[in-house]
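Asker: Build me a model from this:
(chains A and B)
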Amino acid sequence: MRSSSPTTEIVRCRPALGTYVRIAVAGLPQHLATRTIDSAFATVERIEALMSFYRVDSQLHELHRNGLRRWTPISRELSEVLALSKKLYSASAKVFDPSIGGKMMHAGLLPLIDDLPEPDLKADFSQLSLSPGFARLRRPILLDLGGIAKGYAVDRALATIRKSAAVRASVNAGGDLARFGGEEIIALQHPIAGRGPVAAIKLSTGAMATSSDHYARLTLRTRNDNQPSHPSAAITVLARRCALADGLTKIAWLHHDAATVLRRFGARALRIEVNGEVVVLCG
Amino acid sequence: MAGDPKWLVLLPACATPPSAHAEIYLGVTEAQQALLPGRELIAFDQTLNAAQIKAIEKHAGVKVRQPQLKAWRSSEGEWFLVDQVLGKHEFITWALALDMNSKVLGIEILEYRERYGHEVRNRNWRSQFSGKSVVDAVRIEQDIKNISGATLSSVHLTQGVRRLIATHALVLADH
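Answerer: You can find the predicted model right below:
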């Protein structure tokens, strides 16, 4: 049997989270590596089933349906995502606000889901209350966790791999990436699709997320139709965890003093302009 | 840019921008073993005729762009199919395993390819790096595997799954 050196890497790619998820694991014999990768993909699938707005029976929609003025039990995973969302909501002075689900649905940007309470479009994320293992909605709001759940799924998938004896691993969900072991150089693409990489990041243990202004435009559209559209660019945030990096990219786009907010979380960020120029925002 | 942070790698000033990115995850045989372990598979390649294509398109609501089917059947009536869907500009080769009732047993990406446009190949791209210290001399096309950027949607793959499930139900399941 061929022995595997720490550098022997097994890589697999499967569709999940609306994108392509690439998982690489090094330092394990092939049969263990593929089993570990299977577990990591199963973790991603589990998180998606819990939090996706696109899944009619997600725990997110259960909360929407059952949680109005009633404490509803939620999983540890959903609890963690909502708690981090609350942290980002207050740190960004409410700029990061997942309660845009109602407006997104009405604007046709999210699917129409049956049997959901009619959302109060004037209410915001402050209407969500959290208690260990439980959540409650004081007013009917619909949450869109798309700005953070992908990063969270990446973190949990990597945590699954950490339970193994792998010496090095990475999980990359359409550019939301977390890794441990050794060091890797990760290319950053030009914001316009098909133009190739214009810079690269050196990352050892940690995470990164990249967001173009598409999301910001969507959010701004639902907040106020008079907002001017941003010029095309891409922002990459590096943080300890992918869920945090993911959420912070939205703040980086929408907050007038994003660098201050990002620094508080120990994050680093850069922006790639449409002319290929790289601007360091913080760190 | 003075005082560039250490975590930002500047590509060598002499480098030419990459023309493509490709990663091969699995060969066909490996994918067969991954999705249908221990099965003996017999090739059942065929070309769809116009009537079959029309029926599949109607059933799945997805266009059939490639009439050639790359299919294998196991003795248990399971099917293994290799197909291609569009990524950003190039095709993604992928494999689907179905049981005899068209239920999805698994999906694996075999190859991902991306070709880059020529817009990057110009003086401006290089000039931002001139005079800067090179951290590592990396050859982008070969050494860098992970890429971050605006998310590539897997919607074409989802449509491909629907198309192949319809293909199985309408054309293959009788075999």
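Asker: all contacts plus neighbour counts: C-alpha atoms, from now on.
Answerer: Will do.
Asker: number of nearby residues for A:Q127?
Answerer: The burial metric for A:Q127, expressed as a neighbour count using other C-alpha atoms under 10 Å in any protein chain shown, is 16.
Asker: Can you pull the phi and psi angles for it?
Answerer: When read as degrees, to the nearest 10, the backbone of A:Q127 gives phi -80, psi -10.
Asker: One more: A:S126?
Answerer: The main-chain torsion angles of A:S126 are listed as degrees, to the nearest 10 and equal phi -70, psi -10.
Asker: Low-confidence bits of chain B, can you list those?
Answerer: Applying pLDDT under 70 to chain B flags the ranges B:1-4, B:10-17, B:117-142.
Asker: What is the longest strand seen in chain B packed up against?
Answerer: Longest strand in chain B by number of residues (criterion: DSSP state E): strand B:104-115. Where contact means 3 or more C-alpha pairs under 8 Å, 6 or more residues apart in numbering or on different chains; DSSP states H and E, strand B:104-115 is packed against strand A:9-16, strand B:20-24, helix B:28-35, strand B:91-98.
Asker: Could I get the ones you listed in CSV, plus columns for mean neighbour count and distance to A:R195?
Answerer: Putting those into CSV (neighbours: other C-alpha atoms under 10 Å in any protein chain shown; distance: least, C-alpha to C-alpha, whole Å) gives the following:
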stretch, mean neighbour count, distance to A:R195
strand A:9-16, 20, 22
strand B:20-24, 16, 10
helix B:28-35, 16, 30
strand B:91-98, 22, 16
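Asker: Could you dump these into JSON lines and include distance to A:K250?
Answerer: As requested, the helices and strands packed on strand B:104-115 are arranged in JSON lines below (distance: least, C-alpha to C-alpha, whole Å):
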{"stretch": "strand A:9-16", "distance to A:K250": "21"}
{"stretch": "strand B:20-24", "distance to A:K250": "28"}
{"stretch": "helix B:28-35", "distance to A:K250": "37"}
{"stretch": "strand B:91-98", "distance to A:K250": "29"}
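Asker: What mean pLDDT does stretch A:137-150 get?
Answerer: Per-residue pLDDT values across stretch A:137-150 average out to 96.
Asker: what pairs with the longest strand of chain B, and is each one parallel or antiparallel?
Answerer: According to DSSP bridges, strand B:104-115 has the following sheet partners: strand B:20-24 (antiparallel), strand B:91-98 (antiparallel).
Asker: what's the angle from the longest one to strand A:9-16?
Answerer: Angular relation of strand B:91-98 and strand A:9-16 on a 0 to 180 degree scale: 80 degrees, by axes from the mean of the first three to the mean of the last three C-alpha atoms, to 10 degrees.
Asker: contact partners of stretch B:45-54?
Answerer: Counting contacts by C-alpha atoms under 8 Å, 6 or more residues apart in numbering or on different chains, the residues outside stretch B:45-54 that touch it are B:V64, B:P67, B:Q68, B:L69, B:K70, B:A71, B:W72, B:L170, B:V171.
Asker: Farthest-apart pair in these, please.
Answerer: The largest separation in those, counting by C-alpha to C-alpha, is between B:V64 and B:W72 at 19.1 Å.
Asker: could you show me where the strands are in chain B, in order?
Answerer: Remark: strands assigned in chain B by DSSP E are B:8-9, B:20-24, B:41-43, B:46-47, B:68-74, B:79-86, B:91-98, B:104-115, B:147-148.
Asker: For residue 82, list the residues it contacts.
Answerer: In the absence of a named chain, this looks at chain A. Residues in contact with A:L82 (C-alpha under 8 Å, 6+ apart) are A:L130.
Asker: My question was about chain B, not that one.
Answerer: When the contact criterion is C-alpha under 8 Å, 6+ apart, the partners of B:V82 are B:V28, B:L69, B:K70, B:A71, B:T93, B:W94, B:A95, B:L96.
Asker: at 10 Å what do you get?
Answerer: Contact criterion C-alpha atoms under 10 Å, 6 or more residues apart in numbering or on different chains gives B:28, B:31-32, B:69-72, B:93-97, B:108-110, B:164 as the residues in contact with B:V82.
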